[in-house]
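A.B. asks: Here's a sequence, model it:
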Amino acid sequence: MQKLSRKQTAFILTFLVVVWGVNWPLSKIALSYTPPLLFAGIRTLLGGFILLLAAMPRYKKLRLKETWYYYLVSALLNIVIFYGLQTVGLLFMPAGLFAAIVFIEPVLLGIFSWMWLGERMYGMKIAGLFLGFAGVVIISAGGFTGEVSAAGILLALGSAAGWGLGTVYVKKTGDKVDSIWMVTVQLIAGGLCLLSVGSAVESWSSIQWEAPFILNLLFISTFVIALGWLAFFTLVGSGEASKVGSFTFLIPMIAIFCSTFMLDEAITINLIAGLLLIVVSICCVNINFRKQKGTI
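C.D. replies: Numbering: from 1, shown residues only. The predicted structure is shown next:
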């Protein structure tokens, strides 16, 4: 994939951080109108159809007979697991807190990128991984006292793991599939899967098709899902996956800020302390010393 200029990278990163940050409180609000799995399926499927308009002129690059396996694995990790667990998990916890736990993903991505992409691992990065784990423990501590749902914590961690594995998989298979078709097909396939499960365990009649929900759905499907995933994988394809992941630590901060004003969610000492540790950990994971010794 073609390298991006600094201005292009800065613009895409800013767009991604903002829309993915505001996504969390918006998704929490949407869940007051709809069951979680049906909502997850509708928004990802709609996002896939929006991207299909851009992908169709490149239909010769789809090569579905040879590449269907890559699309399905990516859809399972990045859509079914990531969005499925995420949307259900938001029912158990405040949006800002849930986002903070999910965004341990950049730390997991650092580990996965070392294991499967051959990216460097050194002392500072290892220290960062321990700090990130400590941050999640501090944020999650309420789950063991009943103040925060333990189920919500597990769903957030599962969502983060699915996203991290999915990012590495897309990076690793990037030379085998077209990037726009990868995002488009994974959204459509994952959306259909989520809708199938949602239709089996939830009721379509429970969805309240009111104007606030419809506008919310259209915004999330267009900017968060379609353009957001395209932006994310464009960045991953043009550089080291773990370095791109490092910038996403800004997303839970925006999510918490927006949730405070939009949902009146509280900011606790545990949350602030845990977030600070996660931010420090991600910085450590992605500091690159050119003359660093002891590289694993």
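
A.B. asks: how far out from the middle of the chain is stretch 73-80?
C.D. replies: When distances are taken as CA atoms, centre = their mean, to the nearest Å, stretch 73-80 is centred 11 Å away from the chain's centroid.

A.B. asks: Would you mind measuring the gap between the ends of that stretch?
C.D. replies: End-to-end distance of stretch 73-80 (CA to CA, to the nearest Å): 10 Å.

A.B. asks: Can you list the buried residues in the helix or strand hosting residue 253?
C.D. replies: Assigned by DSSP states H and E, residue 253 falls within helix 250-262. For helix 250-262, the neighbour count (16 or more other CB atoms under 10 Å) marks 250, 251, 252, 253, 254, 255, 256, 258, 259, 262 as buried. (Glycine included, C-beta is placed from N, CA and C.)

A.B. asks: nearest to residue 109, of these?
C.D. replies: Among those, residue 251 lies closest to residue 109 (CB to CB), at 13.3 Å.

A.B. asks: which ones are touching that closest one?
C.D. replies: By CB atoms under 8 Å, 6 or more residues apart in numbering, the contact list for residue 251 reads 17, 20, 21, 99, 103.

A.B. asks: How about residue 94?
C.D. replies: Applying CB under 8 Å, 6+ apart, the residues near residue 94 are 28, 259, 263, 265, 266.

A.B. asks: SS state for the fourth one?
C.D. replies: Taken by DSSP: H, G, I helix; E, B strand; the rest coil, the conformation at residue 265 corresponds to coil.

A.B. asks: who wins for most neighbours among the contacts of residue 94?
C.D. replies: residue 259 (27 neighbours; other CB atoms under 10 Å).

A.B. asks: circling back to that earlier point, farthest pair in the contacts of residue 251?
C.D. replies: The span of those, defined through CB to CB, is set by 17 and 99 at 12.1 Å.

A.B. asks: who has more neighbours, those two?
C.D. replies: Per other CB under 10 Å, whichever of residue 17 and residue 99 has more neighbours is residue 99, with 28 against 19.

A.B. asks: Mind pulling the model confidence for that one?
C.D. replies: Residue 99 is assigned 84 on the pLDDT scale.

A.B. asks: how much space between it and residue 105?
C.D. replies: 11 Å (CB to CB, to the nearest Å).

A.B. asks: Determine the set of other helices and strands touching the helix or strand containing residue 234.
C.D. replies: Residue 234 belongs to helix 228-238 when assigned by DSSP H and E. Here helix 228-238 touches helix 6-30, helix 150-172, helix 179-201, helix 241-246, going by 3 or more CB pairs under 8 Å, 6 or more residues apart in numbering; DSSP states H and E.

A.B. asks: Let me know which of the ones you listed is tucked in deepest.
C.D. replies: Across the helices and strands packed on helix 228-238, the average number of neighbours (mean count of other CB atoms under 10 Å) peaks for helix 241-246, which reaches a mean of 25.

A.B. asks: quick check: mean pLDDT across that one?
C.D. replies: 64.

A.B. asks: if we can go back for a sec, only alpha carbons, please: show the helix holding residue 253 as CSV.
C.D. replies: C-alpha atoms of helix 250-262 as CSV (Å, rounded to 0.1, in the frame of the first residue of the first chain):
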residue,chain,number,x,y,z
LEU,A,250,-6.9,9.4,22.5
ILE,A,251,-10.2,7.8,21.6
PRO,A,252,-11.3,6.7,25.2
MET,A,253,-10.4,10.2,26.4
ILE,A,254,-12.8,11.7,23.8
ALA,A,255,-15.3,9.0,24.6
ILE,A,256,-15.2,9.8,28.4
PHE,A,257,-15.3,13.6,27.7
CYS,A,258,-18.3,13.2,25.4
SER,A,259,-20.0,10.7,27.7
THR,A,260,-19.7,13.1,30.6
PHE,A,261,-21.7,15.8,28.8
MET,A,262,-24.0,13.6,26.7
